[in-house]
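S.K.: after the sequence you'll find the predicted model.
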Amino acid sequence: MRVSTQQSYVSMTESFNSLSSELSHVVTQMATGKSILLPSDDPIAATRITQLNRQQSALDQYQSNIDSASAGMSQQESILDGVNNDLLAIRDDLLEAANGTNTTDSLASLGQDIQSLTEAMVAALNYQDEDGHYVFGGTVNDQPPIMAVDDDGDGVADSYTYQGNGDHRQTTVSNGVEVDTNVAVSDFFGSNLDVLNTLTSLSQELQDPSVDPADPQVQADISNAIDVVDDASDSLNASIASLGETQNTMSMLSGAQTDIATTNDQLIGSLSDLDYGPASIEFTGLEMAMEATLKTYSKVSELNLFSVI
């Protein structure tokens, strides 16, 4: 069967285009260092890479959640440590008030100090984060967890009420693992804020000009306040410890997930990184084939009826 000149052109053009496409593909592989540019290059490896990349994205999100939660919890620990120090300072004042040698003036001074420290604790526990959210109100973050009540209108708090709840915010830090990222005032001071109200009442009692330091009721109120402060301090320390335990858990998860991410990167590299040796050989072979095709095309294009007469 005779092959027409037109058919030769078509055949060589198709061959040239195919070689050009293959050469372009190899050039892109060598430029990017990746052997898989399209799923069709290696369907099995491409599927595995997609799975690994999806897992890497999840690990990145978990790590971001851990970093954010850890920063917030460290801030909470710092604030609660300060509140605990205020409680210990109040306890020292209470022990001094209970020693039986105080005068009306010295009790008033101690009462004023207790009032100031109590107000400092309230201010600390009404802390807002950088987004303006109240941290220690459980899941209620749009209003201060502790509200002062001024019953007699003298500008001084007579009692405190809790406006938050006992729930906790949570974040996902690993596959199927969620952790509490905050503690609530009700966790350590109770929803009735017994310690704050006890100290507020006692501070007013000690600052009353008519107070009798030898009055057994005054001494009983001081003794009761010491017990209330001790219980509150124990609960507060337990909440601080829970924050630390959660931090340790997140730190261990972070380390494990970092190892997984590193392993995944290595697997992705082994599946997709180009082996330049074989690629260079393929490039050279394709280049030579294209040159041969071009020469053949040039020779055929010179052929006509008169060139063979």
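M.R.: Nice, I can see it.

S.K.: what residue ranges in this protein score low on pLDDT?
M.R.: 1-37, 41, 272-309 (pLDDT under 70).

S.K.: longest helix in it, by residue count?
M.R.: helix 216-272 (DSSP state H).

S.K.: centre of the chain to that helix, how far?
M.R.: Taking C-alpha atoms, centre = their mean, to the nearest Å, one finds the center of helix 216-272 at 14 Å from the center of the full chain.

S.K.: mind listing the helices for the stretch 101-250 of the chain?
M.R.: 104-125, 185-189, 194-206, 216-272 (DSSP state H, counting those that start in this stretch).

S.K.: return the most buried member of the ones you listed.
M.R.: helix 185-189 (a mean of 24; mean count of other C-beta atoms under 10 Å). For every residue, glycine as well, the C-beta is placed using N, CA and C.

S.K.: elements contacting that one?
M.R.: strand 159-162, helix 216-272 (3 or more C-beta pairs under 8 Å, 6 or more residues apart in numbering; DSSP states H and E).

S.K.: so which of the ones you listed comes closest to I79?
M.R.: helix 216-272 (9.9 Å; C-beta to C-beta).

S.K.: ok so, going back, for Q55, find the nearest of the helices of the stretch 101-250 of the chain.
M.R.: The nearest among those, by C-beta to C-beta, is helix 216-272 at 6.2 Å.

S.K.: where do the strands of the stretch 51-200 of the chain begin and end?
M.R.: 146-149, 159-162, 170-174, 177-180 (DSSP state E, counting those that start in this stretch).

S.K.: reformat those as CSV; add distance to S201.
M.R.: As requested, the strands of the stretch 51-200 of the chain are exported to CSV (distance: least, C-beta to C-beta, whole Å):
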stretch, distance to S201
strand 146-149, 12
strand 159-162, 8
strand 170-174, 36
strand 177-180, 32
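
S.K.: turn those into TSV, including distance to A89 and mean neighbour count.
M.R.: What follows is those, written out as TSV (distance: least, C-beta to C-beta, whole Å; neighbours: other C-beta atoms under 10 Å):
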stretch	distance to A89	mean neighbour count
strand 146-149	19	16
strand 159-162	19	19
strand 170-174	34	17
strand 177-180	29	15
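
S.K.: for G269, which of the ones you listed is the nearest?
M.R.: In this view, the strands of the stretch 51-200 of the chain are compared for proximity to G269 by C-beta to C-beta, and strand 170-174 is the closest at 24.2 Å.

S.K.: before we move on, the earlier item: for the longest helix of the chain, packing partners?
M.R.: Using 3+ C-beta pairs under 8 Å, 6+ apart: helix 216-272 touches helix 43-97, strand 170-174, strand 177-180, helix 185-189, helix 194-206.

S.K.: hmm, who's touching the fourth one?
M.R.: The set of residues that contact helix 185-189 without belonging to it, under C-beta atoms under 8 Å, 6 or more residues apart in numbering, is 125, 136-138, 145-146, 162, 164-166, 193, 195-196, 232, 235-236, 238-239.

S.K.: ok now do V218, which residues does it touch?
M.R.: So V218 contacts L107, E205, L206, V211, D212 (C-beta under 8 Å, 6+ apart).

S.K.: I meant I260, not that one.
M.R.: With contact taken as C-beta under 8 Å, 6+ apart, I260 is in contact with Q55, L59.

S.K.: how close does it sit to Q51?
M.R.: Distance, I260 to Q51, using C-beta to C-beta, to the nearest Å: 13 Å.

S.K.: can you check P145 too?
M.R.: 44 Å.

S.K.: neighbour-wise, which of these two wins?
M.R.: When P145 and Q51 are compared for neighbours, P145 comes out ahead with 26 against 12, by other C-beta atoms under 10 Å.

S.K.: got phi/psi on the more buried one?
M.R.: phi -70, psi -30 (degrees, to the nearest 10).

S.K.: among the strands of the stretch 51-200 of the chain, which is nearest N248?
M.R.: strand 177-180 (10.9 Å).

S.K.: packing partners of that closest one?
M.R.: So strand 177-180, by 3+ C-beta pairs under 8 Å, 6+ apart, packs with strand 170-174, helix 216-272.

S.K.: so what are the sheet partners of it and their directions?
M.R.: Using DSSP bridges, the strands paired with strand 177-180 are strand 170-174 (antiparallel).

S.K.: what lies in contact with the partner strand?
M.R.: With C-beta under 8 Å, 6+ apart, strand 170-174 has contacts from 62, 65-66, 68-69, 178-181, 249-250, 253, 257.

S.K.: got the angle for it vs helix 216-272?
M.R.: Here strand 170-174 runs at an angle of 40 degrees relative to helix 216-272 (axes from the mean of the first three to the mean of the last three C-alpha atoms, to 10 degrees).
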